[in-house]
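# here's a sequence, model it:
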Amino acid sequence: MAEEKAKEGAVEEAPGKEIGKISHFFGHINVAVIELTSTMKNGDKIRIKGHSTDFEQPVDSMQIDHKGVDTAKKGQSIGMKVSDKCREGDIVYKVE
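Just a heads-up that it's a prediction; the model follows:
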């Protein structure tokens, strides 16, 4: 039975390591606020996944208190421009 599902492509691989969650989304400027549970830095590739959201993008720039940063640590909230619409509660993963 599991072999049949694998053949059909029904088994989805893990999207990556969970590193945060969307706490707010400003749709008019496409900026997401991410509460981090792990470190994130410029150059990382992330995947934002939720009920009706699923896209990947590189981390080009982040801001903390309206100041650009290269690295953000666990427990910090960052703002970043996103390439697609996302929603509060969507999970942010770091992908390889």
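# what stretches of this structure score poorly on pLDDT?
For the chain, the stretches with pLDDT under 70 are 1-14.
# please identify the buried residues of the lengthiest strand in the chain?
Identified as the longest strand of the chain according to DSSP state E is strand 17-26. Neighbour-count burial for strand 17-26 flags Ile19, Gly20, Lys21, Ile22, Phe25 (criterion: 16 or more other Cβ atoms under 10 Å). Quick note: C-beta positions are derived from backbone N, CA and C, even for glycine.
# repeat that for stretch 78-89.
Neighbour-count burial for stretch 78-89 [16+ other Cβ under 10 Å]: Ile78, Gly79, Met80, Val82, Cys86.
# out of these, which sit inside helices?
Among these, no member falls in helices (DSSP state H).
# for the protein, what spans make up the strands?
Counting by DSSP E, the chain has strands at residues 17-26, 31-36, 40-41, 45-49, 54-58, 62-64, 67-69, 71-72, 77-81, 91-95.
# lovely, talk soon.
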